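Visitor: how would this look folded up:
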Amino acid sequence: MKKVIAREELCLNCKLCEVYCRTAHSVSKDVVRAHLKENPVPVSRITVEGDNLDSVAVNCRHCDDPACVAACITGAMQKDPETGIVSCDESRCIGCMTCLAVCPVGCIKTGKAAVKCDLCQETGEPACVKNCPNRALVYVEVGCLVGFVLMNCSDRAGIYTGLIQKKVPLSSLEGDILETPELMLFSRAVRTEKLTGGVRV
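Guide: Predicted structure coming up:
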């Protein structure tokens, strides 16, 4: 399935992804009315973490074996067997937030019902990707997530926590900056460091 991949080294911390996510999930679909006129203000399904020096957008990974679905006590959290999209049926959600407690990414938002990324199914392209000015977010076909792993950096002390995506075709990124068919995301900017047994991003 296609998923939103965050490229931390290109993130500007502008938070336009949050702005346009709220707009896409608003009643008016208008960027001004959504933020100034609507009550309650729509909730962004994506969050930019960090500061102006080091930031990354965090959103739902639509896991192959989602912990949130397994933990949901009402069956509100579901994974579509055809599209692979994990969604929340707000009519069945009681707001217990057990899903947030077990989510390894912490991307579910609180409220009367759990709120999470739905990949903007109605439009076919996530609003966060469409409106990212620096292409720090891309929407690509990827393989199975193999989970959170620890990678030792060969040139710098410390450990980076990453999420490996299998077999991302270079053609799907339209000749962008990747050097190999695999893409790694890290909780801190790796920039040009070489990773032991890994790739450079």
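Visitor: going along the chain, name the strands of the protein.
Guide: Applying DSSP state E to the chain gives strands spanning 2-6, 47-50, 55-58, 77-79, 86-88, 137-141, 145-152, 159-165, 183-186.
Visitor: if you average pLDDT over the longest helix belonging to the chain, what comes out?
Guide: For the chain, the longest helix by residue count, based on DSSP state H, is helix 16-24. Across helix 16-24, pLDDT averages out at 97.
Visitor: now stretch 92-104
Guide: When pLDDT is averaged along stretch 92-104, the result is 94.
Visitor: list the contacts of it.
Guide: Stretch 92-104 is contacted from outside by 63, 67-68, 70-77, 88, 106, 108, 110-114, 116, 148, using CB atoms under 8 Å, 6 or more residues apart in numbering. Just so you know, the C-beta spots here come from the backbone N, C-alpha and C atoms, and that holds for glycine as well.
Visitor: hmm, 6 Å instead?
Guide: 67-68, 71-72, 74, 76-77, 108, 110, 112-114 (CB atoms under 6 Å, 6 or more residues apart in numbering).
Visitor: show me what contacts residue 10?
Guide: Residue 10 sits in contact with 134, 136, where contact means CB under 6 Å, 6+ apart.
Visitor: hmm, try it at 8 Å
Guide: Contacts of residue 10 (CB under 8 Å, 6+ apart): 134-136.
Visitor: contacts only, for the closest residue to residue 7 other than its chain neighbours.
Guide: In space, and not counting its chain neighbours, residue 7 is closest to residue 136: 5.1 Å by CB to CB, 6 or more residues apart in numbering. By CB under 8 Å, 6+ apart, residue 136 lies in contact with 6-8, 10-12, 57.
Visitor: can you select the buried ones from the residues you listed in ChimeraX?
Guide: Provided next is the ChimeraX selection string for whichever of those are buried by 16 or more other CB atoms under 10 Å:
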select :6,7,8,10,11,57
